[in-house]
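> The following comprises the amino acid sequence and a computationally predicted model.
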Amino acid sequence: MDALVYGALDIGGTKIAGGLISSDGRLVARSQCATPAHGTADEMMAAVTSVLDDLALHPEWKSLSCLGIGSAGPVDTAAGTVSPVNIPAWRAFPLVDRIRAHPRVPRGVEPVVVGDAVAMAAGEHWTGAAQGVDNALGIVVSTGIGGGLILNGTSHAGPSGNAGHIGHLTVDHARGPECPCGARGWVERFASGTAIATHAVQSGWVPPAGVEPTAAAVADAARAGDPRAIAAYDRAGRALAAAIAATAALVELDLVVVGGGVAQVGETLFTPLRRPGRSGRPGTCTAARRRSAASTAKAHNQCAGWVLR
């Protein structure tokens with residue numbers, strides 16, 4: 001009998017990734033494409049379908065036993081819908097139904113959707129940096145910011161699949177930038193890759209000729225000593241630290257794992273994040289190796305990040 005394989009999809013504002021995961025947590029196949037974030041709903045779904053089509057070509061697909069989806073939020077696990085803030089065409093989009101209807105998804109395999117960082121936290125608890133930890137927070141810092149919780153040794157997604165979403169904790173209600181949802185001061189509007197790049201540009205930073213104004217480009221400028229770029233990451237670190245401190249006070253965390261594309265800039269983000277007084281107490285931060293992590297019941301999110309204890 002073939003060994004069971006777990007399928008996973010990661011729906012983000014920058015990329016759509018899919019993976020097939022062995023029962024012992026090894027990534028055995030992977031596919032990825034760019035997210036047409038400002039395209040139509042059908043264009044977005046076509047990108048997801050292309051990733052599924054690619055995964056279905058691998059021989060391991062025939063042993064698929066479940067299919068988890070981690071999506072930028074908010075999501076609705078019970079309804080199987082997603083409404084990512086950074087993908088305007090998807091509002092209450094029936095993603096689970098559309099994926100279930102894919103001709104190569106085996107009968108009896110029921111897709112499940114949760115927030116992308118909920119999936120990341122579950123994956124880190126299964127095979128990554130949070131193994132053996134009872135209470136942990138996983139944070140994805142990317143186009144947006146998401147969070148997921150491990151409480152008492154178990155993934156806590158909540159009824160809707162959005163529990164732990166620290167990107168929508170308020171850190172500056174009075175002066176914070178406005179979110180597309182209409183509220184102000186969310187940590188995501190200070191510390192996401194999009195927010196970092198936007199703030200740097202608004203402060204007068206100009207990327208080199210031919211370079212897009214991204215968080216990675218701002219990080220390069222910060223490492224070169226540009227004060228506006230440094231300030232953008234300092235601002236992001238303060239916001240993240242405030243959100244982490246609030247979450248830790250509420251649920252008594254043992255560990256925080258930070259991943260996502262922006263986390264790959266390393267010390268440019270983590271030096272201000274771990275600065276004494278930013279998170280309520282001095283912290284230590286050690287580099288976590290690049291890892292591929294997946295949850296058997298949730299989804300896959302390839303994470304290169306850091307660990308705060």
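Looks like it came in fine. Numbering: from 1, shown residues only.

> Residue 126 should be in a strand, yeah?
No - Residue 126 is assigned helix when assessed by DSSP: H, G, I helix; E, B strand; the rest coil, not a strand.

> What score does it have for pLDDT?
For residue 126, the pLDDT comes out at 94.

> go on, residue 195?
Residue 195 is given a pLDDT of 94.

> how about it, what does it touch?
Going by C-beta atoms under 8 Å, 6 or more residues apart in numbering, residue 195 touches 177, 188, 189, 236. All C-beta spots, glycine's among them, are computed from the backbone N, C-alpha and C.

> So which of the residues you listed sit within strands?
Among the contacts of residue 195, DSSP state E puts none in strands.

> What subset of those residues is buried?
188, 189, 236 (16 or more other C-beta atoms under 10 Å).

> Take those and write them to TSV, including pLDDT.
Converted to TSV, those look like this (pLDDT from 0 to 100):
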residue	pLDDT
188	90
189	91
236	95
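
> phi, psi of the nearest residue to residue 71 once chain neighbours are set aside?
Spatial nearest neighbour of residue 71, chain neighbours left out: residue 11 (4.0 Å); criterion: C-beta to C-beta, 6 or more residues apart in numbering. When read as degrees, to the nearest 10, the backbone of residue 11 gives phi -100, psi 110.

> Residue 11 and residue 88: what is the separation?
Plainly put, residue 11 is 14 Å away from residue 88 if you go by C-beta to C-beta, to the nearest Å.

> In which helix or strand does the nearest residue to residue 87 once chain neighbours are set aside reside?
Excluding its sequence neighbours, the residue lying closest to residue 87 (C-beta to C-beta, 6+ apart) is residue 37, at 5.2 Å. Applying DSSP states H and E as the criterion places residue 37 outside every helix and strand.

> Just the pLDDT at residue 37, thanks.
90.

> Tell me where the stretch 51-200 of the chain has strands.
In the stretch 51-200 of the chain, the strands defined using DSSP state E, counting those that start in this stretch lie at 64-71, 75-76, 81-82, 112-115, 136-141, 145-151, 154-156.

> that older thread, higher neighbour count, residue 11 and residue 88?
Ranked by neighbour count (other C-beta atoms under 10 Å), residue 11 and residue 88 place residue 11 first, with 27 against 15.

> That one contacts residue 68, correct?
No - with contact defined as C-beta atoms under 8 Å, residue 11 does not reach residue 68; the gap is 11.3 Å.

> So what's the residue count around the residue nearest to residue 87?
Residue 37: 21 neighbours (other C-beta under 10 Å).

> returning to that earlier point: can I get the buried ones among the contacts of residue 195 in JSON lines including distance to residue 227?
As requested, the buried ones among the contacts of residue 195 are exported to JSON lines (distance: C-beta to C-beta, whole Å):
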{"residue": "188", "distance to residue 227": "24"}
{"residue": "189", "distance to residue 227": "22"}
{"residue": "236", "distance to residue 227": "15"}
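
> residues of stretch 126-133 that come out buried?
By 16+ other C-beta under 10 Å, the buried positions in stretch 126-133 come out as 126, 127, 128, 129, 130, 133.

> So which of these is the closest to residue 202?
Closest approach to residue 202 among these (C-beta to C-beta): residue 129, at 34.3 Å.

> I'd like the distance from that closest one to residue 120, if you could.
Taking C-beta to C-beta, one finds residue 129 at 11 Å from residue 120.
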